[in-house]
Each structure stands twice: as C-alpha cells, then as structure tokens.
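> Give me a 3D structure for the following:
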Amino acid sequence: MTPFGQRLADALGRRGPLCVGIDPHPGLLAAWGLGDDVDGLSRFSELCVEAFGDTVAVVKPQVAFFEAYGSAGLAVLERTIAGLGETGVLVLADAKRGDIGSTMDAYARTWLSDDSPLRSDAVTVSPYLGFGSLAPALDLAAGTGRGVFVLAATSNPEGAQVQRARVADGRTVAQVVVDECAARNCADASGGAAELGSVGVVVGATLTEAPDLSALHGPILMPGVGAQGGTADDVRRLVGDHLRAVVPNVSRDVLRAGPSVAGLRAAVARTLDGFAFLTD
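Here you go, the predicted model:
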C-alpha cells in the first residue's frame, strides 16, 4: 500500500485540510432525535458516512463511543469503518491506545493489520508508557502502509502536568515525543523523497505554545478547534511555517448541524473556508 503520509498529502490536496470526528455521545444522539441505543448509534454513523465520506480528507471515529455499547457497538464501528473506506476517505481510529509488549502488539494488530475487521488507515496512540513502547504499532504501520498519530501536546489542561515536565536535557516531554516522531519519519523516508511522513503528532489548538515542529516531517492533527475554543488563528500561530502538514480536527461544530446530511455538508464547507489559508 502507498504509505499513509503520501495518501494523506494527496487527500489534503484534493479535499482540503480537515478531519471531522464521528462522536456519537448521548447528547448528540438526542439532539438528532435518535435513541441512546445501538439503533441510534447505527443511524448516526450512517448519516456521518453519507455526509463526510466524499467531502473531507479524514474522518475520525471516536472509538470509546462505540465501545460503550459493547459488542453490538463494535459491530457498528466495523460497519462504519468499512463504509467510510468504500468512499475513499481516510479513516483515523481515535483509540488512544498505549501499553507494552504483547498487549501493545495486540492493539497494533487490531487497528493496523491487513486482516483485522477494524483495520483503519491510521490510529491515535499514547506514548506515556515511554515512546519505545509504541514500537509494535510504529513497525506494523510502516509495514502495512498505515499511519500513527502520537499524543504530544494535547488540548486538555490536565495534560500539562506530564507533557510540560522537563527531562534531563531541558526539553519538555512533549518535545521529546515530537523529536522521536521526527526521527522515525526520517528513518522511514526513502531517500528523503516522501512529501509527508506517516508518523504524526497530536497538538491541541487551544495551547498557548506548541513544541518545535520544524523537524517533524509528518502530519499535525490539531483537535480543540471550534467548540473547545481553538480558532484558525490559533492554528496559524502554533504551527508557524508548517501549515501544509496541519490537519485541523472539528467534531461538535460540524455535528451539531445534523441530522440533515445537507446541513452537515454545509457545515463542512463553512469550516473548510475558514482554513483556506492552509492550502494557499
């Protein structure tokens, strides 16, 4: 398979720089006139596939909202991922997995192996058991042409307790994560020709400052835009000259335009207009 970074760069060029989340929390289900049950979850997901599959570059199902319904919810997630894949949109499973050894290997196989029913184009992972613990996911992603987004500097205020702590050489923990991802992209690059590496980072749009991203050579997923208070100006401020690597993530600001597919598509179009500077 063509490496994820290359496929992402192509998708951003064709569809614009936006990731939309599928976050079927109970409040949204109620707002859409759907029940807080598997049937409501399924209908919510079907409408999202119809609305976003051919309009954005990346769709990010939030795995926890499907897991909350048990095996039936996971079955809906399988169908959702498959349905999105049929449209050609890139699927980022927001699972935030992180563990060690054989357990991390199992997580990696769940989201990144060719024969998994939950296989996605990329997955979010947590490095806070040590960056080296992510090796099974990074290795499998490289082998299957998929991507990994590593939590670096997140938008939740609690994250600062760990992410802004400093290591012996003075770097923040978040900076260490970014630097490790950069090293991985450098090692995976074929002669340095890849437009975008396949190891990305998650950097919140609500931060006052971001880690140094200049050497990353990979995608920057930026949640926190819209309902959490992050703006297009914040994105521009935080990433500086690396705008073409940015993938703003919007969920609630778009999803509250549902359940009308036309309304959801219009919300996507408005949001894309606000980030036109990323492709100028």
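
> contacts and neighbour counts: CA atoms only from here.
Will do.

> how about the helices in the stretch 151-280 of the chain?
Remark: helices assigned in the stretch 151-280 of the chain by DSSP state H, counting those that start in this stretch are 160-163, 173-188, 232-239, 252-255, 261-274.

> Packing partners of the longest one?
With contacts taken as 3 or more CA pairs under 8 Å, 6 or more residues apart in numbering; DSSP states H and E, helix 173-188 sits against strand 147-153, helix 160-163, strand 199-203.

> Of the helices of the stretch 151-280 of the chain, which is nearest residue 215?
Of all these, helix 173-188 sits nearest to residue 215, with 6.0 Å by CA to CA.

> For the closest one, which outside residues touch it?
Residues from elsewhere that reach helix 173-188 (CA atoms under 8 Å, 6 or more residues apart in numbering): 127, 131, 142, 150-153, 162-167, 192, 197-201, 211-213, 215-218.

> circling back to that earlier point, which one, of the helices of the stretch 151-280 of the chain, ends up nearest to residue 118?
Here helix 252-255 is closest among the helices of the stretch 151-280 of the chain (CA to CA), at 23.1 Å.

> Pull the residues that contact that closest one.
By CA under 8 Å, 6+ apart, the residues outside helix 252-255 that reach it are 20, 22-23, 28, 226-227, 264, 267-268, 271.

> again with stretch 199-208
Applying CA under 8 Å, 6+ apart, the contact partners of stretch 199-208 are 5, 138, 147-156, 178, 181-182, 184-185, 210, 216, 218-225, 228-231, 234-235, 238.

> State the pLDDT value of residue 189.
Looking at residue 189, its pLDDT stands at 69.

> what are the C-alpha coordinates of stretch 121-132, in CSV please?
Taking C-alpha atoms only, stretch 121-132 is exported to CSV below (Å, rounded to 0.1, in the frame of the first residue of the first chain):
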residue,chain,number,x,y,z
ASP,A,121,-5.7,4.0,7.7
ALA,A,122,-4.3,5.3,11.0
VAL,A,123,-4.7,5.2,14.7
THR,A,124,-4.0,7.5,17.7
VAL,A,125,-1.7,6.2,20.3
SER,A,126,-0.4,7.4,23.7
PRO,A,127,3.4,7.4,24.3
TYR,A,128,3.2,7.9,28.1
LEU,A,129,4.5,4.5,28.9
GLY,A,130,7.6,5.5,27.1
PHE,A,131,8.0,6.2,23.4
GLY,A,132,9.7,2.8,22.9
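
> coming back round to it: greatest separation within the contacts of helix 252-255: which pair is it?
Longest distance between any two of the contacts of helix 252-255 is 19.2 Å, between 28 and 271; criterion CA to CA.

> residues in contact with the closest residue to residue 204 other than its chain neighbours?
Nearest in space to residue 204, with sequence neighbours left out and distances taken as CA to CA, 6 or more residues apart in numbering, is residue 155 at 4.1 Å. Taking CA under 8 Å, 6+ apart, we find residue 155 in contact with 203-207, 223-224.

> One more pass at 10 Å, please.
The contact partners of residue 155, taken as CA atoms under 10 Å, 6 or more residues apart in numbering, are 202-208, 222-225, 228, 230.

> before we move on, what about residue 80?
Residue 80 sits next to 22, 42, 45-46, 48-49, 61, 74, 86, 91, 118 when contact means CA under 10 Å, 6+ apart.

> Of those, just say which sits nearest to residue 245.
Ranked by distance to residue 245 (CA to CA), the contacts of residue 80 are led by residue 91 at 17.2 Å.

> Is that closest one within a helix or a strand, and which one?
Residue 91 belongs to strand 90-97 when assigned by DSSP states H and E.

> just checking, what packs against that strand?
When contacts are defined as 3 or more CA pairs under 10 Å, 6 or more residues apart in numbering; DSSP states H and E, strand 90-97 sits against helix 4-15, strand 19-22, strand 58-61, helix 63-67, helix 70-87, helix 101-112, strand 122-125, strand 147-153.

> can you do 8 Å?
Applying 3+ CA pairs under 8 Å, 6+ apart, we find strand 90-97 packed against strand 58-61, helix 63-67, helix 70-87, helix 101-112, strand 122-125.

> Mean pLDDT and distance to residue 37 for those - can I get that in CSV?
Below are the helices and strands packed on strand 90-97 laid out as CSV (pLDDT from 0 to 100; distance: least, CA to CA, whole Å):
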stretch, mean pLDDT, distance to residue 37
strand 58-61, 98, 17
helix 63-67, 98, 10
helix 70-87, 98, 9
helix 101-112, 98, 24
strand 122-125, 98, 25
